[in-house]
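Enquirer: what's the 3D shape of this:
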Amino acid sequence: MNILAPFVQTEKSARPVRLTESVSLFGMPARQLQSAEQQNLLAQMRHDSDLPELDACRFWVYEVAPPFYRDYKLYHLFNLDAPHPELTRLLYKPGSLHELDWTNEPIYTVNELAPVRIQQATVLPYLRFFFGSVCARLGGFRVVETAADVPWLSIATAQECKLVESHLKPMSVAGVDTQGLYRVPATVLFMRSLFTVDLMVASREAAVVDPEENSVERLTIGQVAMHNEELLCEELDVRDFSLQGRMRCAFQEASEPPEEALPETDSRWMN
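Expert: As a prediction, the model looks like this:
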């Protein structure tokens, strides 16, 4: 079951429906906290933060232990008291709470604090988490590894579906250089176009040469860069993957954040 499965959309109601299947967030196993454990966690979070989203009385809380963080855990809090279902996403360990706000800033902050562990076994889960958590108003890059990852509209033709699927392949580590820089080829959607790219992830501070720009980019631990982009298909009949689109897909009739709160071409949402 996917990241948004704790809520399902129905024509009659936008209220949450409890599902009994196991849940995965960004491909990582998640568990729903039981009442006593959940209340203890929320009390601790409220002690550590004045985040207003924590003031609600009723939540469903899902917890993930990301393999790339030793102490921090990922929490998805579904507010059941809101007029429409609301999702708050947090990285947290006792004494240190960081709300994921669709920019890369909280992720890179935790990467330095934890610190993040970028290794052969953790780099792919980290990339799925990173690209699922970062977006701008005009859209984010969505890693697509299988046909099930493509958010087709009902008007999509069998021909274009077959064309896109012919380009897809699961991410895999192509190599790691002497600086500890991992290279992961991937297929990604941006708006209505499909690209192949090399995702570069730093396991420690590193310098990356961009031959197209003839420049050197300095990366900090856990920072992601994209090189060697190649357009494969465009004008695809896929769902809106802008931040507003993600919110609409997540919750039927959910209130959208104020327009001024959404970065349009902010560098924080990528590098």
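Enquirer: C-alpha only now, for contacts and for neighbours.
Expert: Fine.
Enquirer: next, the buried residues of the longest helix anywhere in the chain.
Expert: For the chain, the helix with the greatest residue count under DSSP state H is helix 35-48. Neighbour-count burial for helix 35-48 flags 38-39, 42, 45 (criterion: 16 or more other CA atoms under 10 Å).
Enquirer: what does it contact?
Expert: Residues outside helix 35-48 that contact it (CA atoms under 8 Å, 6 or more residues apart in numbering) are 54, 61, 94-97.
Enquirer: pull the CA atoms of stretch 102-116 into PDB?
Expert: Once non-C-alpha atoms are left out, stretch 102-116 reads as follows in PDB (Å, rounded to 0.1, in the frame of the first residue of the first chain):
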ATOM      1  CA  TRP A 102       8.400  20.200   0.700                       C
ATOM      2  CA  THR A 103      11.800  22.000   0.500                       C
ATOM      3  CA  ASN A 104      15.100  20.200   1.000                       C
ATOM      4  CA  GLU A 105      16.200  22.400   4.000                       C
ATOM      5  CA  PRO A 106      14.800  20.100   6.800                       C
ATOM      6  CA  ILE A 107      16.300  17.000   5.200                       C
ATOM      7  CA  TYR A 108      19.700  18.600   4.800                       C
ATOM      8  CA  THR A 109      19.600  19.900   8.300                       C
ATOM      9  CA  VAL A 110      18.900  16.400   9.700                       C
ATOM     10  CA  ASN A 111      21.500  15.000   7.400                       C
ATOM     11  CA  GLU A 112      24.200  17.100   9.200                       C
ATOM     12  CA  LEU A 113      22.800  16.500  12.700                       C
ATOM     13  CA  ALA A 114      22.300  12.700  12.400                       C
ATOM     14  CA  PRO A 115      24.500  12.400  10.400                       C
ATOM     15  CA  VAL A 116      22.900  10.700   7.400                       C
END
